[in-house]
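[1] below is the sequence, then the predicted model.
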Amino acid sequence: MIGYNCKYAPVEILAGFGEQCELINNEVANFDYASSKLHPNMCSHAKAMLEEIHIGNYSELLFMNCCDSSRRIFDSSKDENVGFSYCIDLPSCGSHCAVERFKDDIINFIYSYEKYSGKSFDKELFLSAFQEKQNLPTDKFIAILGARSSKTLLDVTSACFAGIEILDLTCSNNREVLPLDADENNSLDELILKYAKALMSQTPCMRMQDIKSREALLESENCIGVIYSTIKFCDYYDFEFSRLKSLKTPIIRIETDFTNQSYGQLLTRLEGFAETINKTVNKRKNMNMNGKYFVGIDSGSTSTELVAIDKDLNIVKNVMVRTGANAGVGAKNALEKAGIDKKDIALIVATGYGRKNIDFADDNVTEITCHAKGAKHLYNDVKTIIDIGGQDSKVISLDDDGKVIGFVMNDKCAAGTGRFLENMAKVLELDMNDMANIGLNYKTDLTISSMCTVFAESEVVSLIAENHTVADIVHGLNKSVATKTKALANSAKDTDAIMMTGGVANNKGVVSELEKQLKTKIFIPEHPEFCGALGAALIATK
């Protein structure tokens with residue numbers, strides 16, 4: 001199998017030799033091999049390509065020199081067991097001179113492959129390899145734009161938007177080289193010149209000088225949502241996304257490192273996005289009409305919260321337990337601790353990362369929607385919710401009616417989350433209650449510069465060795481969490497009515513630092529850790 005890396009690759013030429021080729025675009029489990037060959041901050045997709053090449057998936061390679069990372073992978077692939085590898089320079093525009101140069105490079109590639117394979121280039125096979133133009137769907141669809149889309153992204157998107165067509169318009173999958181106006185009398189030079197023009201006439205990627213025609217990707221009124229894909233350590237598509245933030249069509253950014261280890265967080269983001277677009281939650285079918293309580297269970301990475309409300313929306317029970325190694329067991333423990341007889345429960349709605357694994361729940365809804373519902377119930381004026389949980393942080397924007405109109409989440413890093421503070425508390429030999437207040441009594445304004453949890457721990461150990469007080473160090477940690485959260489909060493459309501939820505909202509030091517950085521007062525409910533479970537219980541009543 002011949003592997004290629006870019007939509008501008010002349011794959012129809014390979015068809016002219018009777019060869020099959022495949023886009024190198026699979027996720028990998030890790031970067032163990034690539035890390036030994038490449039800089040740690042190199043494009044994650046480039047590292048994933050090298051991992052694929054290393055395990056022997058491709059006997060031959062055709063690369064376009066479309067960016068520095070691609071060129072670096074092509075150079076590194078020379079150390080692999082590949083029979084033939086070739087790299088073609090990609091022009092950055094479709095000018096006459098650029099296309100002429102591109103044509104010459106493609107012809108040189110033909111000659112090189114003929115010499116390597118012993119085969120002759122067949123014009124008829126080449127001309128029969130082109131595909132007819134694909135028109136945009138006539139029904140509603142979700143568009144995936146930006147950098148390369150992974151299989152996981154496509155699968156999860158399809159699951160979250162069941163029944164709606166998913167259109168992959170990302171850089172390598174948005175390939176459309178139309179059939180050539182050519183005949184048997186064309187010389188090779190004439191034929192390949194037409195082909196080079198066709199390749200360069202595709203919807204441009206962000207590497208090209210003129211990208212105005214990319215706007216056509218969003219012109220369809222049937223596009224109900226945009227998922228914008230970016231890749232860690234690849235800047236090209238960050239620039240386009242920054243211009244699309246004002247798009248009227250709902251849009252969410254998904255960044256991937258092209259490993260297959262973040263399914264849960266990806267599912268939460270896309271289900272939350274789907275709930276934002278749909279705006280409504282379907283009426284539950286399994287309601288126990290004799291039940292008098294509605295139960296919400298928030299299964300988080302560290303703790304599981306349960307809230308039970310009556311038909312008048314009064315809270316009758318709220319309990320918290322450790323989630324443990326099994327979300328389902330944690331949820332059962334919470335239900336047992338609440339002491340509510342199952343026959344008295346009308347409906348149970350689960351939320352949080354473990355929501356899919358609570359088999360006795362009647363339905364599950366993302367924590368995005370549940371926190372919005374709970375926050376609106378507790379603070380009617382709320383427009384922005386900051387939720388710092390054990391595993392991630394979220395900033396959720398609401399409209400006047402309390403509907404979610406947008407949200408952002410941190411990446412897979414634990415920095416700025418409850419887990420980060422728990423780890424630092426262990427280093428400082430504090431319990432979480434002490435840590436929540438001690439930082440308020442600081443004398444020296446320390447700055448913890450390392451956002452990585454592992455590096456921050458080393459920095460804290462060094463500060464202890466330098467005889468800094470625990471209060472000063474905790475203040476530095478609180479400021480570090482606030483700084484990371486502020487970066488997320490900058491995306492919020494309204495910072496005049498902010499409410500903070502999640503267990504970290506009980507940390508007065510973090511709240512104080514965040515208020516300083518945002519220059520506004522933050523509303524903290526009496527029990528912020530129960531907001532998600534309360535929202536789930538409220539949804540259960542509908």
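    Ah, there it is. Numbering: from 1, shown residues only.
[2] quick one: distance of stretch 429-446 to the chain centre.
    33 Å (CA atoms, centre = their mean, to the nearest Å).
[3] what's the answer for stretch 110-130, then?
    40 Å.
[4] which of the residues in it are buried?
    Neighbour counts over stretch 110-130 (16 or more other CB atoms under 10 Å) mark 110, 113, 121, 125-127 as buried. Backbone N, C-alpha and C define where each C-beta goes, glycine included.
[5] for those residues, which one is nearest Gln391?
    Nearest to Gln391 among those is Tyr113, at 49.5 Å by CB to CB.
[6] state the distance from the closest one to Phe84.
    7 Å (CB to CB, to the nearest Å).
[7] the helix or strand harbouring Ile405 pairs with which strands, parallel or anti?
    Using DSSP states H and E, Ile405 falls within strand 404-409. According to DSSP bridges, strand 404-409 forms sheet pairs with strand 393-398 (antiparallel).
[8] returning to what we had before: of the buried residues of stretch 110-130, which pair is most distant in space?
    Among the buried residues of stretch 110-130, Tyr113 and Leu127 lie farthest apart (CB to CB), at 17.4 Å.
[9] where exactly do the strands run in the stretch 101-250 of the chain?
    Counting by DSSP state E, counting those that start in this stretch, the stretch 101-250 of the chain has strands at residues 141-146, 165-168, 223-231.
[10] turn these into TSV, including mean pLDDT.
    Shown next, in TSV, are these (pLDDT from 0 to 100):
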stretch	mean pLDDT
strand 141-146	93
strand 165-168	93
strand 223-231	92
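[11] could I get those strands as a markdown table with distance to Thr384 and mean neighbour count?
    Formatted as a markdown table, the strands of the stretch 101-250 of the chain follow (distance: least, CB to CB, whole Å; neighbours: other CB atoms under 10 Å):
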| stretch | distance to Thr384 | mean neighbour count |
| --- | --- | --- |
| strand 141-146 | 26 | 23 |
| strand 165-168 | 30 | 18 |
| strand 223-231 | 22 | 22 |
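[12] ok, which of the ones you listed comes nearest Glu336?
    strand 223-231 (39.8 Å).
[13] can you give me the angle the closest one makes with strand 141-146?
    Comparing the axes of strand 223-231 and strand 141-146 via axes from the mean of the first three to the mean of the last three CA atoms, to 10 degrees yields an angle of 20 degrees.
[14] Glu459: which element?
    Going by DSSP H and E, Glu459 is in helix 453-465.
[15] now that helix, how far from the centre of its chain.
    With CA atoms, centre = their mean, you get 29 Å for helix 453-465.
[16] for stretch 93-108, same thing?
    Counting by CA atoms, centre = their mean, stretch 93-108 comes out at 37 Å from the chain centroid.
[17] same check on stretch 1-12?
    26 Å.
[18] then stretch 215-234?
    14 Å.
[19] what of stretch 376-389?
    Per CA atoms, centre = their mean, the centroid offset for stretch 376-389 relative to its chain is 23 Å.
[20] in it, what's buried?
    Under 16+ other CB under 10 Å, the buried positions of stretch 376-389 are 376-379, 382-389.
[21] before we move on, what about stretch 32-51?
    Neighbour counts over stretch 32-51 (16+ other CB under 10 Å) mark 33-34, 37-38, 42-51 as buried.
[22] can you report how many residues neighbour Ile368?
    Counted with other CB atoms under 10 Å, the neighbours of Ile368 add up to 26.
[23] avg pLDDT for the host helix or strand of it?
    According to DSSP H and E, Ile368 maps onto helix 367-378. Here helix 367-378 scores 94 as its mean pLDDT.
[24] what's that helix packed up against?
    Packing partners of helix 367-378 (3 or more CB pairs under 8 Å, 6 or more residues apart in numbering; DSSP states H and E): helix 263-278, strand 293-299, strand 345-351, strand 384-388, strand 393-398, strand 404-409, strand 498-501, helix 531-540.
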